[in-house]
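K.L.:
need a 3D model of the sequence below.
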Amino acid sequence: MDTKNKERLQFDFSPEALQRLDDIKNKTQATTRAETVRNALRVYEWLVNDVDPDNIIKIFDKKNKLVSSFSAKLLLK
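P.N.:
Got it, this is the predicted structure:
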C-alpha cells in the first residue's frame, strides 16, 4: 500500500465497542484493528450499493440449513 496516499484517522471507542472490534479482529484473523475496519467497510459498502433495502438477508450453514435471516433495512438505517 502506498503510504504517500494515506490519510490517518482517529476514532474514539467505548470499552465495549473496542472489545467488539477486537472480537471481530480475532474471529476474522485480521492482523490489525485497521485491517478489521477496512474489511468491515468493504462489507458495508457492498450492502449500501448492492442490496435492496426491501430484501431479506438469509444466512445458511454448510448443510443448507437456515441459520439466520433479517431485513436489509436493519443495516441501511
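K.L.:
lowest-confidence helix or strand of the chain?
P.N.:
The helix or strand of the chain with the poorest confidence is helix 33-50; it has a mean of 90 (mean pLDDT, DSSP states H and E).
K.L.:
so how far is whatever helix or strand N26 lives in from its chain's centroid?
P.N.:
In this structure, N26 sits in helix 15-28 according to DSSP states H and E. Computed by C-alpha atoms, centre = their mean, to the nearest Å, the chain-centroid distance of helix 15-28 equals 11 Å.
K.L.:
any regions of the protein where pLDDT drops low?
P.N.:
Scanning the chain for pLDDT under 70 picks out 1-3, 77.
K.L.:
pull the number of nearby residues for T36.
P.N.:
By other C-beta atoms under 10 Å, the residues close to T36 number 20. C-beta here means a position set from N, CA and C on the backbone, and glycine is covered the same way.
K.L.:
for it, give its distance to F11.
P.N.:
If you measure T36 against F11 using C-beta to C-beta, to the nearest Å, the figure is 12 Å.
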